[in-house]
Each structure stands twice: as structure tokens, then as C-alpha cells.
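Engineer: Give me a 3D structure for the following:
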Amino acid sequence: MMEALRNGPVSTIEAAKELDIVQPPNTIRRLRKKGHEIHTYWTHQSTEPGRPPHRVAKYILMREAS
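Structural biologist: Just a heads-up that it's a prediction; the model follows:
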């Protein structure tokens with residue numbers, strides 16, 4: 001997840017599908033406890049083409065722990 005965050009914002013859907021992270025919010029919580037500053041922004045994103053969009057968290061790495 002950290003490598004993906006270093007390359008730009010990651011949504012919960014992207015983390016689950018592309019990074020195979022089962023519980024993205026738990027992963028973000030653990031990273032924050034380690035001192036990484038990660039902001040959460042809310043967006044709407046479809047899970048599949050033709051499906052209505054869902055409210056989805058998008059995580060942005062602001063600062064890595066030293």
C-alpha cells in the first residue's frame with residue numbers, strides 16, 4: 001500500500017482490486033499508527049461499468065514517518 005500511495009492517491013476499490021488488500025481501511029489505520037500522515041477524501045466511484053457509483057474513500061499520502 002505504501003508503494004502505491006507514493007505514486008498517488010489510492011481508493012478503497014483500487015486497493016482491494018489492484019493491490020489485493022482485503023480491508024484497506026485497516027491497512028491505512030496501521031500505517032497512520034506507524035506515523036504516516038495519510039488524508040482521506042471522499043469521492044464517488046463505480047465498482048463495475050454500468051453500476052451506480054458508491055461513496056468511496058480515497059487516500060493520499062501527505063508525509064511519510066521518519
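
Engineer: do you know how far residue 1 is from residue 53?
Structural biologist: 23 Å (C-beta to C-beta, to the nearest Å). C-beta here means a position set from N, CA and C on the backbone, and glycine is covered the same way.

Engineer: more neighbours, these two?
Structural biologist: residue 1 (18 against 10; other C-beta atoms under 10 Å).

Engineer: How many residues are close by the closest residue to the more buried one other than its chain neighbours?
Structural biologist: What sits nearest to residue 1 in space, not counting adjacent residues and going by C-beta to C-beta, 6 or more residues apart in numbering, is residue 27, at 5.1 Å. By other C-beta under 10 Å, 19 other residues sit near residue 27.

Engineer: secondary structure class for the residue lying farthest from the centre of the chain?
Structural biologist: Centroid-distance maximum for the chain: residue 50 at 22.6 Å, with C-alpha atoms, centre = their mean. Of the three states, residue 50 takes coil according to DSSP: H, G, I helix; E, B strand; the rest coil.

Engineer: Need the distance between the two termini of stretch 28-39.
Structural biologist: Start-to-end span of stretch 28-39 (C-alpha to C-alpha, to the nearest Å) is 10 Å.

Engineer: Okay, buried residues for it please.
Structural biologist: For stretch 28-39, burial by neighbour count (16 or more other C-beta atoms under 10 Å) applies to 28, 31, 36, 38.

Engineer: and if you look at stretch 51-65?
Structural biologist: So for stretch 51-65, counting by 16+ other C-beta under 10 Å, buried means 56-59, 61.

Engineer: For residue 7, state which of those is nearest.
Structural biologist: residue 61 (9.2 Å; C-beta to C-beta).
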